[in-house]
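> Sequence and predicted structure below; questions after.
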Amino acid sequence: MKIVIIGGSGLIGKQLANNLRQQNHEVVAASPSLGVNSITGEGLAEALSGAQVVVDVTNSPSFEDKAVLEFFETSTRNLLAAEEAAGVKHHVALSVVGTEGLLQSGYFRAKMAQESLIKASKIPYTIVRATQFFEFADSIAFTSTEGQIVRLSSAFVQPITSEGVAAAMMDFSLGAPVNETVDIAGPERMHLDEFIRQYLNVTQDPRQVITDDNAPYFGANLKELSLVPSNNNVRIASIRFEDWLTTKKIVG
């Protein structure tokens, strides 16, 4: 089966491409650096020719409100139009758990717009919403830092490793379209402030995490369960945060 991965040179895209190739599928890893651009349309028709499945794991290079909305709307419209022309049978997209409750944030408004375009199209689809990645702990800390203080909400998170995301994306890509949204998450629920506190402690980062339930999360105010799955249709990955830290040689 021919599967095109849009965003194929990124964190999830590279792992997904490798997983699918090990299963002997024909994989096109598409990105601007590889000559396929979902914003300009460059190379899309050629890449999608003969493809049965398109997997969108792209992310915007800018999180500024206008730029991120334009990115996801333009990219998604171009992809869906090219897929319809090419006769693609399944559009799989990676999104974020809790998006509809985080619309104070321009980023999450853009993700909601992306999901709406997919649902309104004629292409059968599966939208896979993931919780926060272990690998993005440093980015969360960075965006919440003032001097040596990191202000974070105590809202719950259920973070997942990118490896678990890539494995789930492979399974959904090879399965039949479900024409709905499914959630994927890690095995452990913890508080956001404690998640980042643990990461900073083991990486010997001197910054101090202060619990502040009014602290914004990428521009959105969090409720206790904003970042954890509410969907009964949820797939749970197996790798625990502590084990990931050890595997990545962050600990020891």
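That came in fine, so what should we check first?

> What lies in contact with the helix or strand residue 116 falls within?
Following DSSP states H and E, one finds residue 116 within helix 106-120. With CB atoms under 8 Å, 6 or more residues apart in numbering as the test, helix 106-120 has contacts from 60, 63-66, 68-69, 71-73, 75-77, 80, 91, 93, 95-96, 99-100, 102-103, 125, 127, 181, 218-220. The C-beta positions use only the backbone N, C-alpha and C, and glycine is treated the same way.

> which of the residues you listed are buried?
60, 63, 68-69, 71-72, 75-76, 80, 91, 93, 95-96, 99, 102, 125, 127, 181, 218-220 (16 or more other CB atoms under 10 Å).

> In helices only, show me these.
Counting by DSSP state H, the members of the buried ones among the contacts of helix 106-120 that fall within helices are 68-69, 71-72, 75-76, 80.

> Surely residue 5 forms part of a strand?
Yes. Looking at residue 5 with DSSP: H, G, I helix; E, B strand; the rest coil, it is inside a strand.

> OK, contacts around it?
Neighbour list for residue 5: 13, 16-17, 20, 27-30, 55, 57 [criterion: CB under 8 Å, 6+ apart].

> will you turn those into TSV that also has distance to residue 190 and neighbour count?
Converted to TSV, these look like this (distance: CB to CB, whole Å; neighbours: other CB atoms under 10 Å):
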residue	distance to residue 190	neighbour count
13	27	25
16	26	29
17	31	23
20	31	23
27	35	22
28	38	21
29	33	23
30	35	30
55	29	29
57	25	24
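
> Return the member of those residues nearest to residue 164.
Distances from residue 164 to those, taken as CB to CB, are shortest for residue 16 (11.8 Å).

> which stretch of helix or strand covers that closest one?
With secondary structure defined by DSSP H and E, residue 16 is part of helix 11-22.

> ok, and what's touching that helix?
The contact list for helix 11-22 (CB under 8 Å, 6+ apart) reads 3, 5-8, 27, 29, 31, 55, 57, 94, 133, 135, 162-163, 165-167, 169-170, 173-174.
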